[in-house]
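Student: task: produce atomic coordinates for the following.
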Amino acid sequence: MAGAGGYGGPGDGSNGGQPQGTEYTLQGVMRFLQTEWHRHERDRNAWEIERAEMKSRIGRLEGEIRTSKRLHESLGKHVRLLEAALKKEREKVKKLSNNEKVEDMRDPKEIAREIPPVLCYACTD
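Tutor: Numbering: from 1, shown residues only. Now for the predicted structure:
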């Protein structure tokens, strides 16, 4: 009696026509796909966060560059002004040491405006 009816063995069709263990394989594939999808989503979120951080950093660094350029220009103007004042003082001292008459000279600011700005190759793009 055990041969015709009963508990069924491999190949009697009791598992719905699927090979033995297929339901576990499909569950394994689904689990794998879900874990890969979640990993992909985590990576994508991490990349988006990193991208936003990099954009923020780029903006901050560009602002620092603009500030540095303005400061460099301002300091260059002050250096030219001081150089003109020093030149004027040296001429005055030279004339006084030679007992020459010192006449009123031009304002150092006017002289500084006439002096071309110093070219800095590292500062030009």
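
Student: which strand or helix spans residue 62?
Tutor: helix 22-97 (DSSP states H and E).

Student: list the helices and strands that helix packs on?
Tutor: With contacts defined as 3 or more Cβ pairs under 8 Å, 6 or more residues apart in numbering; DSSP states H and E, helix 22-97 has these neighbours: helix 108-114. All C-beta atoms are positioned from the backbone trio N, CA, C, and that covers glycine.

Student: where does the chain dip in pLDDT?
Tutor: Applying pLDDT under 70 to the chain flags residues 1-23, 104-109, 111-125.

Student: how about a cut-off of 90?
Tutor: For the chain, residues meeting the criterion pLDDT under 90 lie at 1-28, 91-92, 94-125.

Student: give me the neighbour count for residue 77.
Tutor: Residues contacting residue 77 under the criterion other Cβ atoms under 10 Å number 15.

Student: what's the answer for residue 80, then?
Tutor: 20.

Student: gap between it and residue 91?
Tutor: Per Cβ to Cβ, to the nearest Å, residue 80 is found 17 Å from residue 91.

Student: do the same with residue 44
Tutor: Residue 44 is 70 Å from residue 91, by Cβ to Cβ.

Student: and residue 67, by the same measure?
Tutor: According to Cβ to Cβ, residue 67 and residue 91 sit 37 Å apart.

Student: repeat that for residue 62.
Tutor: For residue 62, the distance to residue 91 - Cβ to Cβ - is 44 Å.

Student: same check on residue 33?
Tutor: 86 Å.

Student: could I have stretch 65-80 exported to CSV, CA atoms only?
Tutor: Taking C-alpha atoms only, stretch 65-80 is exported to CSV below (Å, rounded to 0.1, in the frame of the first residue of the first chain):
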residue,chain,number,x,y,z
ILE,A,65,39.2,83.0,-2.6
ARG,A,66,37.1,86.2,-3.3
THR,A,67,37.9,87.5,0.2
SER,A,68,41.6,86.8,-0.3
LYS,A,69,41.7,88.5,-3.7
ARG,A,70,40.0,91.6,-2.3
LEU,A,71,42.4,91.6,0.7
HIS,A,72,45.4,91.2,-1.7
GLU,A,73,44.3,94.1,-3.8
SER,A,74,43.7,96.3,-0.7
LEU,A,75,47.1,95.4,0.7
GLY,A,76,48.7,96.1,-2.7
LYS,A,77,47.3,99.6,-2.7
HIS,A,78,48.6,100.2,0.9
VAL,A,79,52.0,98.9,-0.1
ARG,A,80,52.1,101.3,-3.1
